[in-house]
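Novice: Take this sequence and fold it.
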Amino acid sequence: MALYKYLREAWKKPRENPFYQQRLIQWRTEPVTLKIPHPTRLDRARSLGYKAKPGYIVVRQRVNRHKRQHASHLIGGRRSRASSYDKELSKNYRQVAEERAVQNYSNCEVLNSYLVGEDGRHYWFEVILVDRAHPQILSDPRISWIATQRGRASRGLTSAGLHGRGLRNKGKGAEKLRPSRRANLTRRGKALTPLP
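Specialist: Presented below is the predicted three-dimensional model:
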């Protein structure tokens, strides 16, 4: 078997690795967003488009794994309909990690991301960023397209964003997902409006 196949098999059950818990203990003491010299999961990073060349950056992003909360509802008065603390969002943790990573590296675009660890309080994702102004990126025809796509993570164009928007499904049952849920509702509302 090739090297990447061994790596893939080892990451299927990461808790059996004796170094996994030691990594998590170390990662808890590190900053929330940390640039790392090389990917932890080399096989996964290479399959998602990572290249060991200038212009590619790997960032380890930590995300708290609790429910998202509203701001304090006591500011606008105490009302029964405002007593809910939890927000139900369609964003997954991986998309949140991509958005937070690109905030610290505003000259880069998110190519993709993957999970590297989790415990009872946190998720750790490694986000592959590409410098959209780097000469080697602009001269490479396989990746130069990313220079024209500003804000991929915030617009839901990454793999995690497409998953959160429901665009992994096609055909029956997915009629109202394209171009987006909001645009579909707007289109139906305009179509149902009686003409003057």
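Novice: so what's the residue minimising distance to the centre of the chain up against?
Specialist: A centroid search over the chain (C-alpha atoms, centre = their mean) returns Gln95, at 2.8 Å, as the residue closest to the centre. With contacts defined as C-beta atoms under 8 Å, 6 or more residues apart in numbering, the neighbours of Gln95 are Ala153, Gly156, Thr158, Ala160, Gly161, His163, Gly164. For every residue, glycine as well, the C-beta is placed using N, CA and C.
Novice: That one belongs to a strand, doesn't it?
Specialist: No: following the definition DSSP: H, G, I helix; E, B strand; the rest coil, Gln95 is helix and is not counted among the residues of a strand.
Novice: I'd like the distance between it and Gln26.
Specialist: Remark: distance between Gln95 and Gln26 (C-beta to C-beta, to the nearest Å) = 26 Å.
Novice: now swap in Lys35 and tell me
Specialist: According to C-beta to C-beta, Lys35 and Gln26 sit 16 Å apart.
Novice: more neighbours, those two?
Specialist: Between Lys35 and Gln26, counted using other C-beta atoms under 10 Å, Lys35 has the larger neighbour count: 13 against 10.
Novice: Provide a list of residues in contact with the more buried one.
Specialist: Residues touching Lys35, when contacts are defined by C-beta under 8 Å, 6+ apart, comprise Ile57, Val58, Val59.
Novice: secondary structure class for it?
Specialist: Looking at Lys35 with three-state DSSP, the answer is strand.
Novice: For it, give the beta-bridge partners.
Specialist: Using DSSP bridges, the bridge partners assigned to Lys35 are Val59.
Novice: re the thing from before, give me the lowest-pLDDT entry from the contacts of Gln95.
Specialist: Least confident entry in the contacts of Gln95, by pLDDT: Gly164, with 88.
Novice: returning to that earlier point: please name the nearest non-neighbouring residue to the residue nearest to the centre of the chain.
Specialist: Leaving out its chain neighbours, the residue that sits closest to Gln95 by C-beta to C-beta, 6 or more residues apart in numbering is Ala160, at 4.1 Å.
Novice: How about the contacts made by the one you found?
Specialist: Under the criterion of C-beta under 8 Å, 6+ apart, the contact list for Ala160 reads Asn92, Arg94, Gln95, Glu98, Ser113.
Novice: Now for the first one: which residues touch it?
Specialist: With contact set as C-beta under 8 Å, 6+ apart, Asn92 has these partners: Ala160, His163, Gly164.
Novice: all helices for the protein, in order.
Specialist: Using DSSP state H, the helices of the chain run over residues 3-10, 20-29, 42-47, 93-104, 135-139, 159-164, 181-192.
Novice: Can you tell me which of those helices is packed in deepest?
Specialist: Compared across these, helix 93-104 shows the largest average neighbour count, a mean of 22 (mean count of other C-beta atoms under 10 Å).
Novice: Report the mean per-residue pLDDT for that one.
Specialist: The predicted confidence, averaged over helix 93-104, sits at 95.
Novice: ok, now stretch 42-62?
Specialist: 95.
Novice: which residues of the chain score low on pLDDT?
Specialist: 1, 69-85, 87-88, 189-196 (pLDDT under 70).
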